[in-house]
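# make a model of this:
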Amino acid sequence: MPDLTYERAKIDAGYPLVAGIDEAGRGPLAGPVSAAAVILPKGFSHQLLDDSKKLTEKRRELLYDELTSRDDIIWAHAYSETDEIAELNILKATHAAMGKAVKALSKAPDFCLIDGLAVPGFPVASAGIVKGDGKSLSIAAASIIAKVRRDRLMIQLAQSYPEYGFEKHKGYGTRQHMEALRKYGPCPIHRITFAPVAQLLLPIDE
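As a prediction, this is how the structure comes out:
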């Protein structure tokens, strides 16, 4: 289970406010990429908080409501939309969403712990932690917020584009999604630079 070992190490090294950062939605064929930044209070502990991918949807929703309603937890969230993903590429768009989330925090962190590899040129001193959402509590909290916010958005977008089933697969390339893509073609929230979508936009040779 994740704990505050990484956070405490940075605090002891002279960084009083440490934020955890994670993303959700790099792999889907549709919808934005989502990022969250979280600063947990000193001494924070939680028996159920873990990497969002290890939790059920119901547990994630409960933890999201708990994390975002506490006055002693500082958090922020941001998206990079599909046009930004097309312009920058998914990796740079993910990094951009992370940067926007950090800048939206009500208190500026002194150091950021980022899930995965280090992000070159990040606006705050930072370090990457591979599989950090299973090691750092602040990253785990960020993973839940990023995931739940994106899932809720995809459920809302499904009302505008009901034929694709976004409320079920959240834009990932499931069999149902691919069948709908072939039948109806891409919609405005599809990622036109992703291969399965881009191939559908190629002209047909006569």
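
# can you give me the mean pLDDT across stretch 15-25?
Taken as a whole, stretch 15-25 has an average pLDDT of 98.

# so Glu167, which state does it fall into?
Three-state assignment for Glu167 (DSSP: H, G, I helix; E, B strand; the rest coil): helix.

# shift numbering so it begins at 329
Sure, I'll start counting at 329 from here, so that last one is Glu495.

# tell me what the helix or strand harbouring Arg336 is packed against?
Counting by DSSP states H and E, the element that carries Arg336 is helix 333-340. Counting contacts by 3 or more C-beta pairs under 8 Å, 6 or more residues apart in numbering; DSSP states H and E, helix 333-340 is packed against strand 346-352, strand 439-443. Bear in mind the C-beta positions are built from the backbone N, C-alpha and C, glycine included.

# wasn't Gly449 part of a helix?
No - going by three-state DSSP, the assignment for Gly449 is coil, not a helix.

# measure it to Asp378 for me?
Shown here: Gly449 relative to Asp378, a distance of 30 Å by C-beta to C-beta, to the nearest Å.

# which of those two has more neighbours?
Neighbour count, other C-beta atoms under 10 Å: between Gly449 and Asp378, Asp378 has more, with 21 against 7.

# where in the protein is pLDDT low?
Residue ranges of the chain with pLDDT under 70: 529-534.

# quick one: the helices in it, in order.
Assigned by DSSP state H, the helices in the chain fall at 333-340, 385-397, 410-416, 418-431, 465-488, 494-497, 503-512, 523-526.

# wait, what's in contact with Gln368?
Quick fix: residue 368 is Leu, not Gln. Leu368 makes contact with Leu332, Glu335, Gly348, Ile401, Leu465, Ser466, Ala469, according to C-beta atoms under 8 Å, 6 or more residues apart in numbering.

# and if you look at Thr410?
Going by C-beta under 8 Å, 6+ apart, Thr410 touches Ala358, Gly359, Pro360, Pro516, Ile517, His518, Arg519, Ile520.

# let's see that with 10 Å instead.
For Thr410, the contacting residues are 358-361, 421, 499, 516-522, 525, by C-beta atoms under 10 Å, 6 or more residues apart in numbering.

# nearest to Ala352, out of the helices of the chain?
helix 465-488 (4.1 Å; C-beta to C-beta).

# just checking, what packs against that closest one?
Applying 3 or more C-beta pairs under 10 Å, 6 or more residues apart in numbering; DSSP states H and E, one finds that helix 465-488 makes contact with helix 333-340, strand 346-352, strand 361-367, helix 385-397, strand 402-408, helix 418-431, strand 439-443, helix 494-497.
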